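> Here is a sequence together with a model predicted from it:
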Amino acid sequence: MGTQYKVSNSVLELVLGDIILQETDAIVNAANSQLAPGGGVSGAIHRGAGPQLWDECKALGVCSTSEAKITKGYNLFADYVIHTVGPVYAGRVSDPENLKNSYQNSLDLASKKNLKSISFPSISTGVFGYPVKEASYIALKAIIDWIKQHPGIELVRMVLHSEEDYSMYKSALDNMMSD
Ligand code: AR6
């Protein structure tokens, strides 16, 4: 399942799938501050990449909320993994800003490396508890605003792990595109 939208000269795509199978230049990890394997997306990415990923992550030290760090992809299809720590949802006024910055700092890092394509999971909406509907609008707006200011990227893909999340992101994007 998938839908493509044109934003400036780039493509923004929504797909139902598994982040570790994506063949984009980079995939994004919804990480913890230690960049340790953990569960959810992070556990899947570390299992897919192999133990060298954790070795490289250990050397990077602590990653604070919204910060992004890049490593190689090892056994993954993607050449790079961009690790970002989303906010733990607590209904604070800073939560939306922190979530937005996780997306935009990841995109900045991809652009610094001259990468042309990147896949994101739905950051913070699993273990970190961010309500999916709210998070979908923040994520998509962050990506669209960023693309409009950075013509170099060709493809930004959001990879949703359940049909429910996919429909939520799809209706958010349909609403935003019709405004
Ligand atoms: N591909 C795509 N999306 C996935 C996959 C996958 N393979 N697996 C899960 N999701 P989460 P967070 C979805 O909890 O909320 C970790 O333990 C999942 O259904 O991975 O940012 C870290 O180590 C959900 O919609 O990330 C941190 O401690 C979304 O990805 C903490 O959890 C995010 O779920 C980070 O929590």
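That came through fine.
> May I have the residues that are in contact with the most centrally placed residue in the chain?
Per C-alpha atoms, centre = their mean, the C-alpha nearest to the average position across the chain is that of residue 120, at 2.8 Å. Residue 120 makes contact with 27-28, 103, 106, 139, 143, 156-159, according to C-beta atoms under 8 Å, 6 or more residues apart in numbering. All C-beta atoms are positioned from the backbone trio N, CA, C, and that covers glycine.
> Show me which helix or strand of the chain is least confident by mean pLDDT.
strand 2-7 (a mean of 93; mean pLDDT, DSSP states H and E).
> now the strands for the protein?
Ranges of strands in the chain, per DSSP state E, are 2-7, 10-16, 26-30, 68-72, 80-84, 117-120, 155-160.
> Report the rounded mean pLDDT for the fourth one.
If I follow you right, that is strand 68-72. Regarding strand 68-72, the rounded mean pLDDT is 98.
> tell me which parts of the chain are close to the ligand?
Within reach of the ligand by C-beta under 6 Å from any ligand atom, the chain has these residues: 18-20, 30-32, 38-42, 44, 86, 121-128, 159, 161, 165.
> hang on, the earlier thing: of the strands of the chain, flag the one that's most buried.
Ranked by mean neighbour count, the strands of the chain are led by strand 26-30 with a mean of 29 (mean count of other C-beta atoms under 10 Å).
> Contacts for that one next, please.
19-20, 35, 40-42, 45, 70, 73, 76, 78-84, 86, 106, 110, 113, 115, 117-124, 126, 128.
> Parallel or antiparallel, list what pairs with that strand.
Sheet pairing of strand 26-30 (DSSP bridges) gives strand 80-84 (parallel), strand 117-120 (parallel).
> what about that strand, distance to the chain center?
In terms of C-alpha atoms, centre = their mean, to the nearest Å, the centre of strand 26-30 is set 5 Å apart from its chain centre.
> ok, now which ones touch residue 4?
11-13.
> From residue 12, how far out is it?
To residue 12, residue 4 is 7 Å away according to C-beta to C-beta, to the nearest Å.
> do residue 123 as well
Taking C-beta to C-beta, one finds residue 123 at 16 Å from residue 12.
> now residue 61
Distance from residue 61 to residue 12, counting by C-beta to C-beta: 32 Å.
> now swap in residue 96 and tell me
20 Å.
> So which residues of the protein form helices?
40-49, 51-58, 94-112, 132-149, 163-178 (DSSP state H).
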